[in-house]
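>>> no sequence for this one, just the structure:
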């Protein structure tokens, strides 16, 4: 799972194994160790009707409604988003890049724009 933060927007991108684990467990977490402190970011299912986020004690938790998780797992839907006046949230499946990158992308979803 990767995160991208830019201004007041937050995007989570999940590989195929990440989506499978999240579907099975309803929770996924990554930790970035900065030495004296850590940044934890997580995706968790919720009974609410929309995406929402919480940040406390160095942990970002993006909450995804159960009905969204179920649709995400059973369809080709790429992701879900939610916009408030102050913030934009997006969670999506991670596709393979079209440009030459040195990053291992073997667990990413095939890019629909790639030519076979």
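Looks like it came in fine. What you see is a predicted model; the values in this text were computed from it and never measured.

>>> use CA for all of it now, contacts and neighbours both
OK.

>>> Any idea what residue 90 is bridged to?
Beta-bridge pairing for residue 90 (DSSP bridges): residue 11, residue 81.

>>> got a list of what it touches?
Going by C-alpha atoms under 8 Å, 6 or more residues apart in numbering, residue 90 touches 10-12, 79-82.

>>> Now which of these would you call buried?
Buried members of the contacts of residue 90, scored by 16 or more other C-alpha atoms under 10 Å, are 10-12, 79-80.

>>> which residues of this protein fall in helices?
16-25, 66-74 (DSSP state H).

>>> tell me, how many neighbours does the closest residue to residue 48 other than its chain neighbours end up with?
Once flanking residues are discounted, residue 48 sits nearest to residue 65: 5.5 Å by C-alpha to C-alpha, 6 or more residues apart in numbering. Residue 65 has 17 neighbouring residues, counting by other C-alpha atoms under 10 Å.

>>> Need the helices of the chain in a markdown table (columns: mean pLDDT).
A markdown table is the format used below for the helices of the chain (pLDDT from 0 to 100):
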| stretch | mean pLDDT |
| --- | --- |
| helix 16-25 | 92 |
| helix 66-74 | 92 |
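
>>> mind putting the ones you listed in TSV, mean neighbour count and distance to residue 49 included?
Shown next, in TSV, are the helices of the chain (neighbours: other C-alpha atoms under 10 Å; distance: least, C-alpha to C-alpha, whole Å):
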stretch	mean neighbour count	distance to residue 49
helix 16-25	16	17
helix 66-74	15	8
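
>>> I'd like to know which of the ones you listed lies nearest to residue 47.
Closest to residue 47 of the helices of the chain is helix 66-74 (C-alpha to C-alpha; 6.2 Å).

>>> which helices and strands sit right next to the closest one?
For helix 66-74, the packing partners by 3 or more C-alpha pairs under 8 Å, 6 or more residues apart in numbering; DSSP states H and E come out as helix 16-25, strand 38-46.
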